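> Here you go, sequence then predicted model.
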Amino acid sequence: MLFNSFEYIVFFAITLALYFRLRLKARWPVLLIASYIFYMGWQPLFVFLLIFSTLVDYIGGIVIGTSRRQSLRKLALCMSVGTNLTLLGTFKYYNFFVHNVSTVGHAFGYDLQFAYINVILPVGISFYTFQSLSYTFDVYSRRLPAQRNFLRYALYVAFFPQLEAGPIERAARLVPQLQTDKTANPARFRSGLWLIGYGLFKKMCISDVVSGAVQAVYAHPQDFGGSYLLIASCLFAIQIYCDFSGYSDIAIGCARMLGVDLMINFRQPYFSRSLTEFWRRWHISLSTWFRDYLYFPLGGNRGGLLLGLRNVMIVFVLSGVWHGAAWTFIIWGGLHGFILCVERIGSSAFKYFRAGNTGKLPEHPGVLRGFLGLLWTNAIVLAGWVFFRAQSLKDANYILTHFAKLGRVSYSVFKLIGFASFEILLTLFHLAVLFIVDYMIFARPETLRKLGTHRVLAIGVAVALFYDIILFGVFEKKDFIYFQF
């Protein structure tokens, strides 16, 4: 079984109580034990895969960090990276690879027979693999000393608040925070509780509520007209944001209460005025991982515009591959990469024609330009989400080509797919709350902080949030979307 939102919080509360109440000389092993129990709550046997990956990278890090022979350091790096990518490739991409090879072979008249692996994808493998690889790369580049304590390194890889869906942390940030036992801090508790509450609100009161309607339409898109396809696609854009950013908020809040600061993973991405800005605000831990460990090593934009565009395309196609073993994800990544290239070319041309030789740009882009940028960005992101959510390229093509064929919307259809009047009104109210809060965080953070200092208002909002989750949140088992990656 997998923990749902409520079970996750119950597990965390028990761990938190044990961590601060047990009178041990060193309490951090409590977090390591809890992390492995948490992972074993899904499929106990796969914990050995996690331990094996941790052991390989720990040994590799020791060899890389202590050896003076460059050849031995490179060998250890190749062994660590090769082992991780082999495990990831076998569980996540093997069946996809052999299926496509078989299809191509059949097209050329060859009947290729391959054995398929009938095993479920280990939850969180993409996340902890990338987190472990970042440690290996940092030790190899001398940005970080090798961790000598195996159990502390194991906790870095398996730290349960962010084990299954990030944020993808860096060892330079996380390991030092795990080396000392923490004391209970009321201010961190309050901050963490607010993050957990807001994350649960996004997950249980918005994402899980709209998920049924999205699933009903995307399971059989040919049965619905353009209006329903467009509405379902917009609802999925809301669902995936609330689901994933909600998990990140819960993870960051839980870690903060334990005395650990995880990196912010989302910064109100749907307020972005370009796709470039969107990727500075969406899944920040992954986008910065690809930037630091792939884009920069490929040369970044140092080789000129064309090489920079090539590197952008490589990064985003591989980002699509990271998300899933399907052509829909590859097209999704390629679409984002292509539009980012278009924006980069446009930005270069704009600077050339508007700034001339002075290198100066207008200080304010203008309200109209900002609004058009907002529409442009969200239109591209919405089209990308169609590929991300569709079950096949055929379905994605059907949905996109039928967006414009808008027709009458019938309430009976929404009722049929489990989205009746009460759920619709409640969702609209919750979306209004989400928009107001996210806009305040995006544009008026100081005002929001001042409002938070009013104790009566803060208590009232906290009570309202608690009862909203208890009364209107979805408590049935609904996995986080990014658990499948």
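Nice, I can see it.
> neighbours of Thr288, just the number please.
By the measure other CB atoms under 10 Å, the count of residues near Thr288 is 18. No exception for glycine: its C-beta is placed from N, CA and C like everyone else's.
> Likewise for the one 4 residues further on?
When neighbours are defined as other CB under 10 Å, Asp292 has 15 of them.
> dump the residue contacts of it.
The contact partners of Asp292, by CB atoms under 8 Å, 6 or more residues apart in numbering, come to Ser134.
> just checking, Leu382 touches Ala237?
Yes - the criterion here is CB atoms under 8 Å, and Leu382 meets it with Ala237 at 5.7 Å.
> neighbour-wise, which of those two wins?
Per other CB under 10 Å, whichever of Leu382 and Ala237 has more neighbours is Ala237, with 20 against 17.
> Spatially central residue for the protein, please.
The chain has His283 as the residue nearest its centroid, 4.7 Å off, counting by CA atoms, centre = their mean.
> For the closest residue to Tyr198 other than its chain neighbours, which residues are in contact?
Closest residue to Tyr198 apart from its sequence neighbours, by CB to CB, 6 or more residues apart in numbering: Asp249 at 5.5 Å. With contact set as CB under 8 Å, 6+ apart, Asp249 has these partners: Leu195, Ile196, Tyr198, Gly199, Lys202.
> Which residues outside stretch 143-160 are in contact with it?
With CB under 8 Å, 6+ apart, stretch 143-160 has contacts from 15, 28-29, 31-32, 34-36, 38-39, 50-51, 53-55, 57-58, 61-62, 64-66, 128, 131-132, 135, 138-139, 169, 171-172, 174-175, 178-179, 255, 260.
> before we move on, what about stretch 436-444?
With CB under 8 Å, 6+ apart as the criterion, stretch 436-444 contacts Tyr198, Arg267, Gln268, Tyr270, Phe271, Thr447, Leu448.
> Would you map the strands across the stretch 1-150 of the chain?
In the stretch 1-150 of the chain, no strands are defined using DSSP state E, counting those that start in this stretch.
> For it, give me the ranges with low pLDDT.
Applying pLDDT under 70 to the stretch 1-150 of the chain flags residues 1-4, 6.
> Restricted to helices, list the contacts of stretch 436-444.
Among the contacts of stretch 436-444, the members found in helices (DSSP state H) are Tyr198, Thr447, Leu448.
> Scan the chain for its longest helix.
helix 226-257.
> list the buried ones in that one?
227-233, 235-257 (16 or more other CB atoms under 10 Å).
> for the record, mean pLDDT for it?
Per-region confidence: helix 226-257 scores 92 on mean pLDDT.
> packing partners for the very next helix or strand once past it?
Per DSSP states H and E, the first helix or strand lying C-terminal to helix 226-257 is helix 275-281. Packing partners of helix 275-281 (3 or more CB pairs under 8 Å, 6 or more residues apart in numbering; DSSP states H and E): helix 327-350, helix 367-389.
> related to what we said a few turns ago, taking the ones in helices among the contacts of stretch 436-444, please make a PyMOL selection of just the buried ones.
To isolate the buried ones among the ones in helices among the contacts of stretch 436-444 in PyMOL, judged by 16+ other CB under 10 Å, type:
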select buried, resi 198
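> centre of the chain versus stretch 121-136, how much separation?
Relative to its chain's centre, stretch 121-136 lies at 13 Å (CA atoms, centre = their mean, to the nearest Å).
> distance of the nearest residue to Gly199 once chain neighbours are set aside from Ile481?
Nearest non-adjacent residue to Gly199, counting by CB to CB, 6+ apart: Asp249, 3.1 Å away. Plainly put, Asp249 is 15 Å away from Ile481 if you go by CB to CB, to the nearest Å.
> And Asp243, by the same measure?
Distance from Asp243 to Ile481, by CB to CB: 5 Å.
> Excluding chain neighbours, what is closest to Ser80?
Gly60 (3.4 Å).
> hmm, I was thinking of Cys234
Going by CB to CB, 6+ apart, Cys234 has Leu382 as its nearest residue, at 6.9 Å.
> and if you look at Leu374?
That would be Arg273: by CB to CB, 6+ apart, it lies 5.4 Å from Leu374.
> wait, doesn't that neighbour sit right on Leu368?
No - between Arg273 and Leu368 there is no contact under CB under 8 Å: 11.4 Å.
> With neighbour numbers in mind, choose between the two.
Neighbour count, other CB under 10 Å: between Arg273 and Leu368, Arg273 has more, with 18 against 8.
> how many neighbours does the closest residue to Leu235 other than its chain neighbours have?
Among residues not flanking Leu235 along the chain, Val210 sits closest, at 4.5 Å (CB to CB, 6+ apart). A count of nearby residues for Val210, using other CB under 10 Å, gives 24.
> With Lys25 instead?
5.
> Ramachandran angles for it?
The phi/psi pair for Lys25 (degrees, to the nearest 10) reads phi -60, psi -40.
> Can you report phi and psi for Leu121?
According to degrees, to the nearest 10, Leu121 has phi -70, psi 120.
> From Arg152, how far off is Leu174?
10 Å.
> Could you do Tyr411 as well?
Counting by CB to CB - Tyr411 and Arg152 are separated by 57 Å.
> Compare these two (neighbour count), which wins?
Arg152 (16 against 11).
> so which strand or helix has that one?
Arg152 belongs to helix 150-158, assigned by DSSP H and E.
> Which SSE is immediately downstream of that helix?
Per DSSP H and E, the helix or strand that comes after helix 150-158 is helix 171-178.
> buried stuff in that next one?
For helix 171-178, by 16+ other CB under 10 Å, it's Ala171, Leu174, Val175, Gln177, Leu178.
> would you list those residues in JSON lines and tack on distance to Trp376 and pLDDT?
Output for the buried residues of helix 171-178, formatted as JSON lines (distance: CB to CB, whole Å; pLDDT from 0 to 100):
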{"residue": "Ala171", "distance to Trp376": "38", "pLDDT": "88"}
{"residue": "Leu174", "distance to Trp376": "36", "pLDDT": "89"}
{"residue": "Val175", "distance to Trp376": "41", "pLDDT": "87"}
{"residue": "Gln177", "distance to Trp376": "39", "pLDDT": "87"}
{"residue": "Leu178", "distance to Trp376": "42", "pLDDT": "83"}
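> Which one of those residues is nearest to Gln162?
Of all the buried residues of helix 171-178, Leu174 has the smallest distance to Gln162: 8.9 Å, by CB to CB.
> The residue nearest to the closest one when sequence neighbours are not counted: how many residues sit nearby?
Using CB to CB, 6+ apart and skipping residues adjacent in sequence, the residue nearest Leu174 is Tyr156, 5.5 Å away. Number of residues near Tyr156 (other CB under 10 Å) recorded here: 26.
> Which entry within the contacts of stretch 436-444 corresponds to the minimum pLDDT?
For those, the pLDDT minimum is Leu448, 81.
> Can you give me the distance of that one to Tyr93?
With CB to CB as the criterion, Leu448 and Tyr93 are 43 Å apart.
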